[in-house]
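Enquirer: need a structure here:
(chains A and B)
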Amino acid sequence: MKKLGKIYMALVLLFLYVPIFVLIVFSFNETKSRSVFSGFTFDWYVRLFHNRIIITSLINTILVAVAASIISTVLGTFAAIGINSMRKVPKAVVMNVTNMPIINPEIVTGVSLMLLFVFFAARMNFEFGFGTLLIAHITFDVPYVILNVMPKFNQMDPHIYEAAQDLGCSPIKAFRKVVLPEIMPGVISGFLMSFTYSLDDFVVSYFTTGSTSQTLPITIYSMTRRKVSPEINALSTLIFIAVIIVLLVKNAIEKKAAAKSGTAKEG
Amino acid sequence: MKLKYFSAPYLVWMVVFILVPLLMIAYFALTNDNGQLTIKYLADVGQYANIFVRSIWLALIATAICLVIAYPVAFILSRMDKHRQGTMLMIVMLPMWMNFLLRTYAWMTLLGNNGIINHLFGLVGLGPFKLINTSGAVVLGMVYNYLPFMILPLYSVMEKIDNSLFEAASDLGCSSKQTLFRVIVPLSIPGITSGVTMVFVPAISTFIISRMLGGGSNLLIGDLIEMQFLGNAYNPHLGAAISLVLMVIILVIMTVMNQFDPDDQVLM
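Expert: Alright, predicted model coming up:
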């Protein structure tokens, strides 16, 4: 039984990883063939770094992800604080609307925002571009921040904020010294989640950006529509390596934090 | 200052960028270019019934395959030593962090007529087979991309099932088959319902997988919507009507899934 389980896991992992490894292997292939490996080369990587469109869209992706995740984190954290102190019915209404971008298919979110922008672009004289892209990203990011921060309030004593004020803190100081440290883990995970969603998003960006601010996923999409170029394989390899590094760092940080809280509890 | 006013900026944002856009879908679906009320576009959606049927069918097959593959994976994961569990879970989820388009592109190169699979078949004197641009390729793409969405919720419910329950079941005379269907499955239903929704919703609304792996002959609802907004068939009214119908289908599916869930909620 144990052995069967191991074989099964190995097969599933094979299914998950073989396509990615084939991409990586063929990023070093001399010719454009997708099936025969004819010789080793770094040419596709060199070409990748000379590809203006890819570099520009990479910069755009990072810019929009940084801006959207920072704004969403601030907006979402304040929202969570407010929603938490609402009464039951308005709270339920707001949370249901907040869940909509998460439950709805991405294409519906993208199309609905596109309709809004089309409607106002003509009347208010603006164009699709970085602005519309940023608004769209914030819109699908904020719900994740709220959903990460809200549970932290349930673990917190609701009276300590008032207690801090009774003891002479100004409301802002009470918030900074008492509430913020309690909800910080939720704020950080909300920020990281929105950042990764923004980096990775294709569908919503596809409907809401203009030709002046293409993101990397959109560039990848248009590359796959045109003639096959092993540059995509090279790009995949680099992204795969970046993902592994990020996950290893994340794991190390979590282990360190767990070890720290473990010793703190014992002490 | 009351704390609840902290949410004011977000409430404005929510109304303008979540509620109003959704209302605009309804508005565009029910009016024509002159702003007159009409059900013409909703009625026109009926012409695409075959595409709707195909999308629902392919998404259901992909969801079922994901469930069958993911269930044992989640169970095996949940029974591993605690310290190995974390590492293994990371290895299983790692491909999901790769961009979705690159993962689909990987299958494009594998399944292509000159791709590596047909090349291997050729070495043993078989083929070439038509692998890409088939509905099978679309289902494969869905399974490959969304499998982690099934594994994760299943794992998170199974992880909480205590080993002693299995011992108790077998002490009380359950065969391993009975243990599976009377103990493990009922306890993992919340994971099943949320896994099914998390796979079905993106699968039924995708347009990338069908475009990249299905060629022109396997249009899905997503393609249909995309064509009305960014394609040659530009017609936002029809596109909005199709989106509206898609939302209703998903709402119905989620309500049905909620009926199975003892906690009466879908874990997202």
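Enquirer: Need the pLDDT of the closest residue to chain B within chain A.
Expert: Closest approach between chain A and chain B, counting by CB to the nearest CB: residue A:82, at 2.5 Å. For every residue, glycine as well, the C-beta is placed using N, CA and C. Looking at residue A:82, its pLDDT is 91.
Enquirer: Point me to the helix or strand that includes it.
Expert: helix A:52-84 (DSSP states H and E).
Enquirer: Just the residues contacting stretch B:74-88, thanks.
Expert: Residues from elsewhere that reach stretch B:74-88 (CB atoms under 8 Å, 6 or more residues apart in numbering or on different chains): A:5, A:8-9, A:251, B:89, B:92, B:151, B:154-155, B:158-159, B:161, B:163, B:184, B:188, B:191.
Enquirer: and those residues, which of them are in helices?
Expert: A:5, A:8-9, A:251, B:89, B:92, B:151, B:154-155, B:158, B:163, B:191 (DSSP state H).
Enquirer: Narrow those residues to those that are buried.
Expert: Buried members of the ones in helices among the contacts of stretch B:74-88, scored by 16 or more other CB atoms under 10 Å in any protein chain shown, are A:5, A:9, B:89, B:92, B:151, B:154-155, B:158, B:191.
Enquirer: what residues does the stretch 151-267 of chain A put near chain B?
Expert: A:161, A:171, A:196, A:200, A:202-203, A:206-207, A:216-217, A:220-221, A:224, A:228, A:232, A:235-236, A:239-240, A:243-244, A:246-247, A:251 (CB under 8 Å from any CB of the partner chain).
Enquirer: now residue B:177: how far from residue B:69?
Expert: From residue B:177 over to residue B:69 the distance is 20 Å, taken as CB to CB, to the nearest Å.
Enquirer: Between those two, which is the more surrounded one?
Expert: Remark: of residue B:177 and residue B:69, residue B:69 carries more neighbours, 18 against 8, as counted by other CB atoms under 10 Å in any protein chain shown.
Enquirer: Look at the residue nearest to the residue of chain A closest to chain B when sequence neighbours are not counted and say how many residues are nearby.
Expert: In space, and not counting its chain neighbours, residue A:82 is closest to residue B:7: 2.5 Å by CB to CB, 6 or more residues apart in numbering or on different chains. For residue B:7, the count of nearby residues is 26 (other CB under 10 Å).
Enquirer: Kindly report the same for residue A:230.
Expert: Neighbours around residue A:230, by other CB under 10 Å: 25.
Enquirer: about what we covered before: give me the buried entries from the residues of the stretch 151-267 of chain A next to chain B.
Expert: A:161, A:196, A:200, A:202-203, A:206-207, A:216-217, A:220-221, A:224, A:228, A:232, A:235-236, A:239-240, A:243.
Enquirer: so of these, which ones are in strands?
Expert: Within these, no residue falls in strands by DSSP state E.
Enquirer: wait, residue B:7 sits on residue A:79?
Expert: Yes: counting by CB atoms under 8 Å, residue A:79 is a contact partner of residue B:7 at 4.6 Å.
Enquirer: what's stretch A:136-143 in contact with?
Expert: A:64-65, A:68-69, A:71-72, A:75-76, A:79, A:98-102, A:106, A:109-110, A:113, A:194, A:197-198, A:201, A:204-205, A:207-209, B:10, B:13, B:17-18.
Enquirer: Just the buried residues from these, in PyMOL please.
Expert: Buried subset of the contacts of stretch A:136-143, written as a PyMOL selection, criterion 16+ other CB under 10 Å:
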select buried, (chain A and resi 64+65+68+69+71+72+75+76+79+98+100+101+106+109+110+113+194+197+198+201+204+205+207+208+209) or (chain B and resi 10+13+17+18)
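Enquirer: Narrow the contacts of stretch A:136-143 to those in helices?
Expert: Short answer: those in helices (DSSP H) are A:64-65, A:68-69, A:71-72, A:75-76, A:79, A:98-102, A:106, A:109-110, A:113, A:194, A:197-198, A:204-205, A:207-208, B:10, B:13.
Enquirer: The residue in the stretch 1-150 of chain B that chain A sits nearest to: what's it in contact with?
Expert: Residue of the stretch 1-150 of chain B nearest chain A, by CB to the nearest CB: residue B:7 (2.5 Å). Listed by CB under 8 Å, 6+ apart, the contact partners of residue B:7 are A:78-83, A:86, A:94.
Enquirer: I'd like to know which of those is nearest to residue A:153.
Expert: residue A:80 (7.1 Å; CB to CB).
Enquirer: Just give the nearest non-adjacent residue to that closest one, would you?
Expert: residue A:149 (3.8 Å).
Enquirer: Around that neighbour, count how many other residues there are.
Expert: By other CB under 10 Å, 26 other residues sit near residue A:149.
Enquirer: quick one: average pLDDT of the helix or strand hosting it?
Expert: Using DSSP H and E, residue A:149 maps to helix A:130-154. Helix A:130-154 carries an average pLDDT of 95.
Enquirer: Could you check it and say which residues are buried?
Expert: Buried residues in helix A:130-154 (16+ other CB under 10 Å): A:130, A:132-150, A:152-153.
Enquirer: In a helix, residue B:113, correct?
Expert: No: according to DSSP: H, G, I helix; E, B strand; the rest coil, the state of residue B:113 is coil, so it is not within a helix.
Enquirer: mind checking which helix or strand of the chain has the lowest mean pLDDT?
Expert: The chain I'm using is chain A. Ranked by mean pLDDT, DSSP states H and E, the weakest helix or strand in chain A is helix A:231-266, scoring a mean of 83.
Enquirer: Let me rephrase: I mean chain B.
Expert: Min over SSEs of chain B, mean pLDDT, DSSP H and E: helix B:176-179 (a mean of 84).
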